[in-house]
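Structure for the following, please:
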Amino acid sequence: MSNIENLTEKDFADKIAEGKHLVDFWATWCGPCVMMAPILETFDAGNKMGIDVKKVDVDENQHLAAQYNVSSIPTMILFENGKEVKRIVGAMPLHVLEGQLA
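Reported below is the predicted structural model:
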């Protein structure tokens, strides 16, 4: 069972307004997105960086994907206090993800 919260267009801004959040823009039909799911679960459970992982289904939240110019998935955007500070595109192993966020 996943502890990663799914965000929608209605709650997105409120949920990322404070703190650090890595938001995974993904879709159910996307193979690399499916490959990233357990990696993100592991990262969320064990990271010491104070980063909370969230997910946005681009099919259900097309306006959010457009607002953040997500043209390729998976795209993971790190937000700090509601502002984009880093963008990571594509599937990768856990150690590479951690290195990108360090």
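
Run through this protein and note the low-pLDDT ranges.
1-2 (pLDDT under 70).

can you map out the helices along it?
Using DSSP state H, the helices found in the chain span residues 12-16, 31-46, 62-67, 94-101.

can you list these in a markdown table and add distance to N81?
C-beta here means a position set from N, CA and C on the backbone, and glycine is covered the same way. As requested, the helices of the chain are exported to a markdown table (distance: least, Cβ to Cβ, whole Å):
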| stretch | distance to N81 |
| --- | --- |
| helix 12-16 | 8 |
| helix 31-46 | 19 |
| helix 62-67 | 17 |
| helix 94-101 | 16 |
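
quick one, which of the ones you listed is nearest to K54?
The closest of the helices of the chain to K54 is helix 12-16. By Cβ to Cβ, the value is 6.5 Å.

The closest one: how far from the chain's middle?
In terms of Cα atoms, centre = their mean, to the nearest Å, the centre of helix 12-16 is found 13 Å from the chain centre.

and if you look at stretch 11-26?
Distance, centroid of stretch 11-26 to centroid of chain: 8 Å (Cα atoms, centre = their mean).
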